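Novice: Based on what follows, work out the 3D shape:
(one chain, ligands or ions: 2)
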Amino acid sequence: MAVHIPGKTRCPLCAQLALREEPLANFPPIFGNQLDPAFAVNDAVVHRHCLAERPYGQRALAKLESYQQHQGRPKVCKVCGLAITNPDDYFTLGPISDYPDEPLARFDWFQAHLHCLRDWDGTPGLVSAIEAVSRSAEWEGDVLERLLERIRRA
Ligand SMILES: [Zn+2]
Ligand SMILES: [Zn+2]
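Specialist: Ligands and ions are numbered 1, 2, ... in the order given. Alright, predicted model coming up:
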């Protein structure tokens with residue numbers, strides 16, 4: 001979650017202070033694509049009324065909701081079906097897609113043991129799908145590259 005410091009934190013959409021008594025939305029760093037207009041609220045505390053004025057407001061809130069719903073839920077490996085308890089052996093893409101109809105959307109909330117990705121026959125397909133998006137002209141940022149690096153090191 002973005003850190004909200006009352007009297008100091010400013011809403012990136014209007015540049016005014018985000019006050020505790022105002023309706024606010026607190027976004028964790030869940031937007032990776034710097035070309036997505038919603039990237040403006042990544043890792044930020046924003047006024048809900050400012051968000052409501054943006055074309056991406058609803059979409060950004062839906063992504064936040066999806067993130068919150070997954071918080072604290074048991075993590076289960078997509079490869080072996082067992083629980084994931086060791087954070088060092090945990091790989092997730094989180095809410096990676098920005099739009100429900102984009103290619104990345106099928107990987108939303110993909111999670112697995114890192115050690116399971118080593119021998120999984122789905123790993124090459126996962127890697128090439130992420131690489132394709134990462135290289136596309138519509139995507140900019142280092143999030144996907146960092147995720148690929150984690151898989152390669154596994
Ligand atoms: Zn604002
Ligand atoms: Zn596993």
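Novice: how about the residues of the protein near ligand 2?
Specialist: 77, 79, 80, 113, 116 (CB under 5 Å from the ion). Any C-beta I mention is one placed from the backbone N, CA and C, and that applies to glycine too.
Novice: can you redo these as CSV with neighbour count and pLDDT?
Specialist: Shown next, in CSV, are those (neighbours: other CB atoms under 10 Å; pLDDT from 0 to 100):
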residue, neighbour count, pLDDT
77, 20, 97
79, 19, 96
80, 13, 97
113, 22, 97
116, 20, 97
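Novice: contacts with ligand 1 among those residues, please.
Specialist: Okay, of the residues of the chain next to ligand 2, nothing touches ligand 1 (CB under 5 Å from the ion).
Novice: Next step: those restricted to strands.
Specialist: In strands, judged by DSSP state E, the following of the residues of the chain next to ligand 2 are found: residue 113.
Novice: Hmm, residue 94 is touching residue 67, no?
Specialist: Yes - using CB atoms under 8 Å, residue 94 makes contact with residue 67 at a distance of 7.3 Å.
Novice: Sort out which of the residues of the chain next to ligand 2 are in helices and list them.
Specialist: residue 116 (DSSP state H).
Novice: The residue nearest in space to the middle of the chain and residue 7, how far apart?
Specialist: The C-alpha lying nearest the average C-alpha coordinate of the chain belongs to residue 30 (CA atoms, centre = their mean; 2.9 Å). According to CB to CB, to the nearest Å, residue 30 stands 26 Å off from residue 7.
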